[in-house]
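Visitor: Output the structure for:
(chains A and B)
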Amino acid sequence: MLDSGFRLKGSVVTTFLLEIQTFSFEEIVSQLQEKIAQVPQFFSQAPIIIDVSKMESLLSLKELEALVLSVNRLGLSVIGWRCHAEKIPEWHADVMVPLLPASKTRQIAISEAAALESRVAKADPDVVIKTVVEERLVSPQTKVITKPIRSGQQVYAEGDLVVLTQVSAGAEVLADGNIHVYGALRGRALAGVKGDINARIFCQSMEAELVSIAGNFMLSDALQDIVWKEGAQVLLVDDNLTVEPL
Amino acid sequence: MALAKIIVVTSGKGGVGKTTSSAAIGTGIALKGHKTVIIDFDVGLRNLDLIMGCERRVVYDFVNVINKEASLSQALIKDKRTKNLFILPASQTRDKEALTEEGVQAVLEELAKDFDYIICDSPAGIERGAQMALYFADVAIVVTNPEVSSVRDSDRILGILQSKSKRAEQGKEPIEEHLLLTRYHPKRVELGEMLSVSDVEDILAIPLLGVIPESEAVLKASNQGTPVILDTESEAGMAYMDAVDRMMGEERPLRFLEVEQKGFFKRLLGG
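Guide: Model prediction:
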């Protein structure tokens, strides 16, 4: 039992990132609305961060707040915003949602890359630095789950996800990389959630509610006509979601 | 809480037979000579006392004990039919918020000194009442009907057993999970109107403790306030006894899974 009334723990939450390149309020809202309409449950009350660090010029406080309200009204839940570390506006504390630091992994990647760059540069100026850096970035850890993933549970892996048993209906598995299920896949599986179009889903028995690769998804109705209750893989071929028997 | 084994009877979905099963299994374990108490966690919707036929003897309840308004010995009701069996009734006038973690733990710890088995009869749902019923459990009996919504809810509860129980939070050996399939109707399974035992086992992937056939004896027993396991002539009663035997480590083949064959020839040809 606990000595105090609470426990302070670290926690990682999977969120959406709305990365804005060019700001056009109407366009963003209408396009976002369209995306949500495709899979409403998937986005319902989902946490989202508004990221304006890729924008050339910064938004005004008014514009940002209007965007937060509109995104919330679409059924998402804005939990913070991000901007370029060197372009933090004076009014950053006045925004209704907190300003979040830039993605940690990215910072580490960049500083590591920079360190590597300088090291490699000293050793041999002709080496193609870029390739070295990329290799470091594509090796996140594989997560292995040995117990069934039950209805209502959600598992996310930053690299590949390997499930040795089943994924129940009503459960959700997400991975930045590939998803392997060595049992029946009855819930939802979303691979390449950060946009990796080479990610794939493999399962021993395809009975999924939804499969998705880098945002391209297919529902069980469509899956049943292609491969059902047998081994299958899901991949993107020329931007088309393809399901094949194994 | 080292001595008694704490068993939660849970399901997620309502009306699948949790209380009937708690009463039957609790009685069955007591019949085997183990000192057993069944606790009704369904605060506000007190039912266990009716099934056990002791509703007129309820003076103090579980919440009174948690709030230290009564002692355990005042609230415990000794079963009149079965030796070694006690009931701790729920409060009908309170709600589930009355079940505090500290309060429940204190009551369970005190019971654990005296009893061999503590059966926690969980309310439906996945909220406070259900979570408190399963939090301290060593063993879970997941009661499921052979239909899709019940199976889905059982799956959900299995997820909660693995993530929100004390054993899970402290990283101890996980709760031992057992599937109890109730209201099984072989004829309807044959007609494809109901999921079969293997369908449910396939989806939930936990060991099967028993299959209780749909039986008129269950309703009759409930209305009479007699645990159905005492009706040794009924299929449901026998199936519950088999389940208790299996819990105690004995081997019992599954019974009552087939549609009763009509005649000799049909049996010969159908076999």
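Visitor: Report the closest residue of chain A relative to chain B.
Guide: For chain A, the nearest residue to chain B under the criterion Cβ to the nearest Cβ is residue A:150, separated by 3.0 Å. All C-beta atoms are positioned from the backbone trio N, CA, C, and that covers glycine.
Visitor: For the nearest residue to that residue once chain neighbours are set aside, give me its contacts.
Guide: Setting aside the residues directly before and after it, residue A:150 is nearest to residue B:159 in space (Cβ to Cβ, 6 or more residues apart in numbering or on different chains), at 3.0 Å. Under the criterion of Cβ atoms under 8 Å, 6 or more residues apart in numbering or on different chains, the contact partners of residue B:159 comprise A:149, A:150, A:151, A:152, A:153, A:168, A:171.
Visitor: just residue A:4 next, same as before
Guide: Applying Cβ under 8 Å, 6+ apart to residue A:4 gives no contacts.
Visitor: Distance check, residue A:9 against residue B:131.
Guide: Going from residue A:9 to residue B:131 by Cβ to Cβ, to the nearest Å gives 19 Å.
Visitor: Comparing those two, which shows the higher neighbour count?
Guide: Using other Cβ atoms under 10 Å in any protein chain shown, the more surrounded residue of residue A:9 and residue B:131 is residue B:131, with 20 against 5.
Visitor: Could you identify the helix or strand that succeeds the lowest-mean-pLDDT helix or strand in chain A?
Guide: Of all the helices and strands that make up chain A, the one with the lowest confidence by mean pLDDT, DSSP states H and E is helix A:129-137; it has a mean of 46. For helix A:129-137, the succeeding helix or strand toward the C-terminus, using DSSP states H and E, is strand A:143-145.
Visitor: Pull out the buried positions in that following strand.
Guide: If you call a residue buried by 16 or more other Cβ atoms under 10 Å in any protein chain shown, then strand A:143-145 has these buried ones: A:143, A:145.
Visitor: Low-confidence ranges, the stretch 1-150 of chain B, go.
Guide: Confidence mapping of the stretch 1-150 of chain B against pLDDT under 70 gives the ranges B:1-2.
Visitor: residues from it in reach of chain A?
Guide: Applying the criterion Cβ under 8 Å from any Cβ of the partner chain, the portion of the stretch 1-150 of chain B that neighbours chain A consists of B:101, B:102, B:105.
Visitor: For those residues, pick the one with the most neighbours.
Guide: Compared across the residues of the stretch 1-150 of chain B next to chain A, residue B:105 has the highest neighbour count, 17 neighbours, by other Cβ under 10 Å.
Visitor: Pull out the buried residues from the host helix or strand of that residue.
Guide: Assigned by DSSP H and E, residue B:105 falls within helix B:101-114. Along helix B:101-114, the positions that meet the burial threshold by neighbour count (16+ other Cβ under 10 Å) are B:103, B:104, B:105, B:107, B:108, B:111, B:112.
Visitor: OK, contacts around the residue nearest to the fifth one when sequence neighbours are not counted?
Guide: Looking back up the chat, that one is residue B:108. Nearest residue to residue B:108, sequence neighbours excluded (Cβ to Cβ, 6+ apart): residue B:136, at 5.5 Å. Residue B:136 makes contacts with B:1, B:6, B:104, B:105, B:108, B:120, B:165, B:166, as judged by Cβ under 8 Å, 6+ apart.
Visitor: Look through chain B and state the residue closest to chain A.
Guide: Residue of chain B nearest chain A, by Cβ to the nearest Cβ: residue B:159 (3.0 Å).
Visitor: Dump the strand or helix carrying that residue to CSV, restricted to CA.
Guide: Counting by DSSP H and E, the secondary-structure element that holds residue B:159 is helix B:148-164. Once non-C-alpha atoms are left out, helix B:148-164 reads as follows in CSV (Å, rounded to 0.1, in the frame of the first residue of the first chain):
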residue,chain,number,x,y,z
VAL,B,148,-20.2,-11.7,-28.3
SER,B,149,-20.8,-8.7,-26.0
SER,B,150,-20.2,-10.8,-22.9
VAL,B,151,-17.0,-12.1,-24.4
ARG,B,152,-15.8,-8.6,-25.3
ASP,B,153,-16.5,-7.4,-21.8
SER,B,154,-14.7,-10.3,-20.2
ASP,B,155,-11.7,-9.5,-22.4
ARG,B,156,-11.8,-6.0,-21.1
ILE,B,157,-11.9,-7.2,-17.5
LEU,B,158,-8.9,-9.5,-18.2
GLY,B,159,-7.0,-6.4,-19.3
ILE,B,160,-7.9,-4.7,-16.1
LEU,B,161,-6.8,-7.7,-14.0
GLN,B,162,-3.4,-7.5,-15.7
SER,B,163,-3.0,-3.8,-15.3
LYS,B,164,-4.9,-2.4,-12.4
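Visitor: Centre of the chain to it, how far?
Guide: Helix B:148-164 has its average C-alpha position 15 Å from the chain's average C-alpha position, going by Cα atoms, centre = their mean, to the nearest Å.
Visitor: next one: stretch B:204-223
Guide: Using Cα atoms, centre = their mean, we find the averaged C-alpha position of stretch B:204-223 to lie 10 Å away from the chain's own average C-alpha position.
Visitor: Just the buried positions in that stretch, please.
Guide: Going by 16+ other Cβ under 10 Å, stretch B:204-223 has these buried residues: B:204-206, B:208-215, B:217-218, B:221-222.
Visitor: Same question for stretch B:163-175.
Guide: By neighbour count with 16+ other Cβ under 10 Å, stretch B:163-175 contains the buried residues B:165, B:166, B:167, B:175.
Visitor: same question, stretch A:49-58
Guide: In terms of neighbour count (16+ other Cβ under 10 Å), stretch A:49-58 has its buried residues at A:49, A:50, A:51, A:52, A:53, A:55, A:58.
Visitor: Looks like residue A:49 contacts residue A:77 (just checking).
Guide: No - using Cβ atoms under 8 Å, residue A:49 and residue A:77 do not qualify as a contacting pair, with a distance of 10.5 Å.
Visitor: can you give me the helices in the stretch 51-200 of chain B?
Guide: Secondary structure of the stretch 51-200 of chain B (DSSP state H, counting those that start in this stretch): helices at B:62-66, B:72-75, B:101-114, B:128-135, B:148-164, B:166-169, B:186-190, B:197-204.
Visitor: of these, which approaches residue A:230 most closely?
Guide: Closest of the helices of the stretch 51-200 of chain B to residue A:230 is helix B:197-204, at 14.7 Å (criterion: Cβ to Cβ).
Visitor: I'd like the distance from that closest one to the chain centre, please.
Guide: In terms of Cα atoms, centre = their mean, the centre of helix B:197-204 is set 19 Å apart from its chain centre.
Visitor: I am finished for the moment; much appreciated.
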